[in-house]
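coordinates only, sequence not included:
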């Protein structure tokens, strides 16, 4: 991993800080994590191979990311701010799941580049995964699924729930 890799990974993990503090559900605030993952994808994504079982790998990682993101969205509390805009605040479970998802990807990358390359190569060969580009795409798809599903759940909950002005939280 390069210093840039560590910075990108740390930035994605640290996106949990505003979630814990609470974020107004404006379009700008909602799309910040999406933009961060899109920038990471622009930096890392070279190709999206679709041979062998690459697409299956993508589906598995997308489902895992979607489950994490959905759980993060459900684990966030919602209330109306003084300006009547919904505010989402990540609870402990949501924050932990966010960090788990983001650090799992960084941990995989670290392991794959610091001693685990042979095991990843054997697994890839045995399961017909074309190689590093497929793994990179899978990790980025997983991150994007996590971010988009969290966003979708929170946006749906904030628009569907009837949040009273003084309500403390919606579980």
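All right, it came through fine. Model, not experiment: these values are computed from the prediction. Numbering: from 1, shown residues only.

ranges for the helices of this protein?
3-14, 16-21, 27-44, 54-74, 92-113, 117-126, 132-160 (DSSP state H).

centre of the chain versus the second one, how much separation?
Chain-centre distance of helix 16-21: 14 Å, with CA atoms, centre = their mean, to the nearest Å.

Show me what that helix is packed up against.
strand 86-90, helix 92-113 (3 or more CB pairs under 8 Å, 6 or more residues apart in numbering; DSSP states H and E). Just so you know, the C-beta spots here come from the backbone N, C-alpha and C atoms, and that holds for glycine as well.

Now do the buried residues in the last one.
Just to be clear, that refers to helix 92-113. Neighbour-count burial for helix 92-113, with 16 or more other CB atoms under 10 Å as criterion, is recorded at 94-95, 97-102, 105-106, 108-110, 112.

angle of that helix against strand 86-90?
Note on geometry: by axes from the mean of the first three to the mean of the last three CA atoms, to 10 degrees, helix 92-113 and strand 86-90 are set 60 degrees apart in direction.

average pLDDT for helix 92-113?
Averaged across helix 92-113, the pLDDT comes to 88.

Report the angle between that helix and helix 3-14.
Going by the same axes, to 10 degrees, helix 92-113 makes 160 degrees with helix 3-14.
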